[in-house]
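> Need coordinates for the following:
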Amino acid sequence: MQELTTVELRPEAGAGLADTSGFSPPAVVSRPARTQSATPLRHRLPALASQSLRAGRRMLGEEADHGRLLLFSPVFLGAGSAFWFLGASDFPVIAPLLCLLVLTTAVLIASRMRAALRTVLLALALVAGGMVSAEFESWRASTVILDSAVTTTVTGRVERREGDGRGRWRYILAVTGTEAPQVKRPPERITAIARGADAPFEIGDIITGRARLTPPSGPALPELNDFSFGAYFDGIGANGFFYGAPTKVDLQAGPQAARSTAEALLEWLYRLRSGIGDRIRSILPGDTGAFAAALVTDERRAISNATTEALRQSGLAHIIAISGLNMALSAGIFFVGFRMLLSLFPGVAQAYPTKKIAAAGALIAVTAYFLISGFAVSAERAFIMMAIMLIAVFFDRPSISLRNVALSALVILAISPSEVLGPSFQMSFAATLALVSGYQLWKDRRVRENAFLKLPIVRPFVAVAGFFGGVFLTSLIGGFSTALFSIEHFHRLTAYGLPANLATMPIISFIIMPAGLLAMLLMPFGLDVLPWKIVGFGLDLVIAVAKTVSGWGGDIGIGRLPAWYFAVAVAGFLLLTLLRTRLRHMGTSIMSAATLILLLLPVPRPPDLVISEDGSLVAVVEAAAMASNRENPPDFIFDQWQRALVLPAHDPPKMLDGPAVPPAGEDRRVKLSRDQQNEARAAMRAAAAGGDANRFSCVKKAWCISRLGNGHVVAVIDNAAYLAPACDAADIVVTSVRLRFNSCRSGATLFTGETLRRTGSVELRFAEAGMEVTTAFDDLWRPWIRHRAYDWRSNSFVETGQGVSDSGE
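Model prediction:
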């Protein structure tokens with residue numbers, strides 16, 4: 001702002017007052033006039049607000065001119081799908097369809113002069129479209145999920161198989177029949193683990209055997225991951241294992257199900273995939289071969305638990321999954337190599353567009369990679385994204401751009417909208433968005449010429465520094481961008497992922513992936529042994545790095561995040577990565593403000609008692625540990641409890657020599673005599689009074705009891721014969737037995753296998769107002785949890801209350 005000056009007439013310095021002989025010229029003195037800073041704040045606020053509004057409009061116009069508003073289309077589409085999936089009940093299909101029709105019509109007839117209105121209407125139409133696509137996918141899946149655990153003889157066709165390196169094979173079976181008993185609502189597809197077979201069954205074989213089948217697990221705790229959701233959209237209706245080795249059924253002895261051409265083609269692809277995995281593991285034994293097979297076919301179960309845990313703790317678990325890194329490296333290596341090969345022939349290089357030819361070859365290569373990968377979700381996503389980027393080369397468009405990322409997200413959400421809630425989708429696109437946004441900022445930066453860096457002797461060092469600098473920035477951006485989603489879904493962070501990735505990325509880029517690509521090209525000719533040996537050497541180095549870094553520790557437990565924080569932080573992240581003007585800093589402000597509020601708010605009170613969804617596992621939550629009713633609690637559930645509650649320590653129960661227990665093999669519901677009941681009741685009360693507070697005392701295969709720090713007593717019974725003594729001795733009774741009643745005559749709160757089947761896992765908190773009960777499910781209307789309301793006796797869905805009664809006669 002220019003300063004205004006005033007002219008003041010003064011006598012010259014040194015002129016006497018009495019001297020009037022002459023008139024001195026006026027001296028010009030610069031004096032700042034009243035500026036805007038002297039204006040009162042209340043007068044400046046309207047002007048500042050108007051100026052900020054104009055600047056905001058100008059930046060929004062710039063965003064629109066650069067097509068950035070188009071990048072938000074998958075955000076609105078995914079938000080509509082997420083809203084439908086997270087709803088308590090299904091929406092009538094007519095409602096979102098009408099909304100979509102009305103909004104689409106409004107967008108078409110809206111005046112082009114009202115760009116803001118058209119944008120809002122289009123965003124709402126995308127939200128409605130996301131809801132419609134989510135409902136359509138749910139209808140298309142229509143997976144029949146087993147209602148409750150059952151032991152039956154199951155017969156089915158092997159669709160896929162995967163070994164775990166310990167002689168066990170996991171089969172995905174298309175069920176053709178059940179018997180003894182015959183399941184009234186049999187699932188169409190199950191996963192079953194078989195042990196003891198001399199050789200694995202081939203894909204396409206019909207096998208039969210006695211098996212224990214259970215429904216997919218629900219949330220281990222309220223608000224945690226519901227595994228039945230993913231199983232429903234994967235078409236898996238039950239999980240289980242065979243008692244002993246199943247047997248192969250002679251196809252000529254029984255009826256053969258008719259198969260379509262597509263099913264036959266899929267079966268051939270899965271057979272090819274299994275053959276490739278077997279070939280790799282025959283050349284590279286142990287974890288090295290299992291790791292190499294996982295990189296090609298996505299068969300990860302053969303990797304030992306120790307190596308898997310080391311990769312996870314070191315932040316290298318993403319290498320195992322066939323994700324964007326694997327696809328990008330394979331496509332890039334093939335693209336560069338094929339283009340260099342074509343450049344060796346000057347006639348071809350001058351007459352044909354070698355770049356587009358190389359892109360077509362790379363597209364064929366990644367398509368083949370995807371087909372033999374088993375169609376994993378991460379591979380599907382990476383393939384779509386890489387295919388769009390390679391197709392962009394055909395039209396002379398930039399391959400690495402946010403538009404391509406948005407287009408990939410739109411395709412995936414249109415095909416599988418349920419993926420919007422999955423950690424794999426969220427983490428992969430978060431990393432991709434952050435990396436592409438960072439790349440564009442780096443590309444648009446001001447470049448200053450430096451003659452020193454152009455010296456021939458310096459160029460090799462510049463290239464090496466550039467490579468490791470790129471790996472450093474890539475790992476740093478990728479780590480920060482996925483941290484939020486890692487905490488939300490896995491409740492932990494990896495502290496040393498950056499050095500681990502810096503150490504392994506050169507090995508993966510220059511040894512493993514080039515040699516692996518060469519090995520796959522030579523495999524049909526039987527000349528792949530040496531390249532696989534080179535791959536094995538590189539993978540041994542990666543495993544060594546993973547075990548070394550995991551030995552440093554750095555596995556930071558965070559626990560569960562409030563639902564509001566995750567939603568707000570994701571919104572801020574999207575603004576930060578999708579906008580290009582200074583408006584993107586709103587995203588940084590939103591994330592910072594949400595994090596500050598989260599830190600300032602009081603920590604939510606943890607539960608005092610947690611109960612698994614089947615009632616077999618119960619734990620008392622203390623300040624530093626969890627005390628469970630099992631000496632060796634099942635890892636699948638207990639690990640989730642420890643991560644979510646950030647309580648790594650475990651206090652096992654104290655085992656007692658208790659009263660008589662019905663002999664093994666007898667009916668678990670055998671009745672005790674009056675003397676046995678009195679003896680059991682006295683033993684329970686004595687154990688509760690004399691045992692350590694907040695720790696279980698147990699009689700094996702009978703009961704466990706614990707006195708909580710607040711004075712309440714909780715009992716867990718494995719045998720229904722001890723129900724009456726437990727109701728008399730405890731305030732809270734938990735049993736996995738599915739009883740036909742849900743209350744104790746003594747007034748004790750009773751959780752049974754039947755009530756827990758409807759509520760899912762339970763958290764209990766004791767307050768002055770009484771006991772607070774939090775359940776995983778409130779209603780059972782959604783298709784992926786609908787099986788919990790099925791009653792096999794009446795062959796119908798029973799819509800009753802959730803059955804948690806804390807009193808009654």
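
> Could you state which residue of this protein sits nearest its centroid?
Closest residue to the average C-alpha location of the chain: Pro423 at 1.6 Å, with CA atoms, centre = their mean.

> How many residues are close by Glu449?
Applying other CB atoms under 10 Å, we find 6 other residues in the vicinity of Glu449. Any C-beta I mention is one placed from the backbone N, CA and C, and that applies to glycine too.

> helix/strand/coil for it?
Judged by DSSP: H, G, I helix; E, B strand; the rest coil, the three-state class of Glu449 is coil.

> pLDDT score for it?
Predicted confidence (pLDDT) at Glu449: the value is 72.

> Neighbouring strands - and their directions - for the lengthiest strand in the chain?
Selection of the longest strand in the chain by residue count, based on DSSP state E, yields strand 150-163. For strand 150-163, the pairing partners within the sheet under DSSP bridges are strand 169-179 (antiparallel), strand 206-214 (antiparallel).

> ok so, going back, which residues sit in contact with the residue nearest to the centre of the chain?
485, 488-490 (CB atoms under 8 Å, 6 or more residues apart in numbering).

> how much space between it and Thr482?
9 Å (CB to CB, to the nearest Å).

> what's the longest helix in this protein?
Longest helix in the chain by number of residues (criterion: DSSP state H): helix 459-490.

> Which residues belonging to that one are considered buried?
471, 474-479, 481-490 (16 or more other CB atoms under 10 Å).

> can you give me the offset of it from its chain's centre?
Between the mean C-alpha point of helix 459-490 and the mean C-alpha point of its chain there is a distance of 20 Å (CA atoms, centre = their mean, to the nearest Å).

> Could you list the low-pLDDT ranges of the stretch 101-250 of the chain?
Judged by pLDDT under 70, the stretch 101-250 of the chain has its weakly predicted residues at 111-113.

> Tell me which stretches of it form strands.
Across the stretch 101-250 of the chain, reading from the start of the chain, the strands by DSSP state E, counting those that start in this stretch fall at 150-163, 169-179, 189-194, 206-214, 238-242, 247-248.

> and what of the stretch 651-800 of the chain?
When assigned using DSSP E, counting those that start in this stretch, the strands of the stretch 651-800 of the chain occupy the ranges 654-655, 697-699, 703-707, 713-717, 732-735, 749-751, 762-767, 770-775, 790-791, 796-797.

> Give me whichever of those is most buried.
Highest mean neighbour count among the strands of the stretch 651-800 of the chain (mean count of other CB atoms under 10 Å): strand 703-707, with a mean of 28.

> And that strand, what does it pack against?
In this structure, strand 703-707 packs against helix 674-690, strand 697-699, strand 713-717, helix 723-729, with contacts taken as 3 or more CB pairs under 8 Å, 6 or more residues apart in numbering; DSSP states H and E.

> Name every strand pairing with it and say which way it goes.
Sheet pairing here is set by DSSP bridges, and for strand 703-707 it gives strand 697-699 (antiparallel), strand 713-717 (antiparallel).

> Tell me which of these sits nearest to Thr143.
When these are compared by CB to CB, strand 713-717 sits nearest Thr143, at 32.7 Å.

> what about Gly553, which SS state?
Using three-state DSSP as the criterion, the local structure at Gly553 reads coil.

> can you count the residues close to it?
Look at Gly553: counted by other CB under 10 Å, it has 10 neighbours.

> repeat for Gly177
The number of residues packed around Gly177, counting by other CB under 10 Å, is 15.

> who touches it in this structure?
Neighbouring residues of Gly177 by CB under 8 Å, 6+ apart: 154-155, 186.

> Which of these sits closest to Phe241?
Val154 (10.9 Å).

> now that closest one, which residues is it bridged with?
The partner list for Val154 in beta bridges (DSSP bridges) reads Thr178, Gly209.

> Wait, it touches Arg212, no?
No. In this structure, Val154 sits apart from Arg212 without contact. The criterion is CB atoms under 8 Å, and the distance is 9.8 Å.

> per-domain residue ranges of the chain.
When the chain is parsed with automatic domain parsing, its domains come out as 62-141, 150-250, 274-557, 563-600, 609-797.

> Just the endpoints, please. Distance across the longest one?
Think domain 274-557. With CA to CA, to the nearest Å as the measure, the ends of domain 274-557 fall 37 Å from one another.

> Which one's more surrounded, Val154 and Arg212?
Counted by other CB under 10 Å, Val154 and Arg212 do not tie: Val154 has more neighbours, with 28 against 16.

> what's the following helix or strand after the worst-scoring helix or strand of the chain on mean pLDDT?
Across the helices and strands of the chain, mean confidence by mean pLDDT, DSSP states H and E is lowest for helix 41-65: a mean of 72. Per DSSP states H and E, helix 41-65 leads on to helix 73-86 as the next helix or strand towards the C-terminus.

> can you pull the buried residues of stretch 347-360?
Using 16+ other CB under 10 Å as the burial criterion, the residues of stretch 347-360 that qualify are 354, 358-360.

> can you give me the end-to-end distance of it?
Terminal residues of stretch 347-360 are spaced 19 Å apart (CA to CA).

> cool, stretch 301-321 as well?
Stretch 301-321 has an end-to-end distance of 12 Å (criterion: CA to CA).

> any idea of the mean pLDDT for that stretch?
Over the span of stretch 301-321, the pLDDT mean works out to 87.

> what's next to it, contact-wise?
Around stretch 301-321, the neighbours that count as contacts under CB under 8 Å, 6+ apart are 162-165, 170, 281, 287, 289-291, 293-295, 298, 300, 325-326, 376, 378-379, 424, 479, 494, 496-498, 500-501, 504, 508, 542-543, 545-547, 549-550, 554-555.

> give me that answer again for 7 Å
Contacts of stretch 301-321 from elsewhere in the structure, counted by CB atoms under 7 Å, 6 or more residues apart in numbering, are 162-165, 170, 281, 287, 290-291, 293-294, 300, 325, 378, 494, 496-497, 500-501, 504, 508, 542-543, 546-547, 549-550, 555.

> Number of residues surrounding Trp532?
One way to gauge burial is a neighbour count; for Trp532, by other CB under 10 Å, it gives 24.

> Wait, it touches Leu518, no?
No. Using CB atoms under 7 Å as the test, Trp532 is too far from Leu518 to be in contact (9.5 Å).
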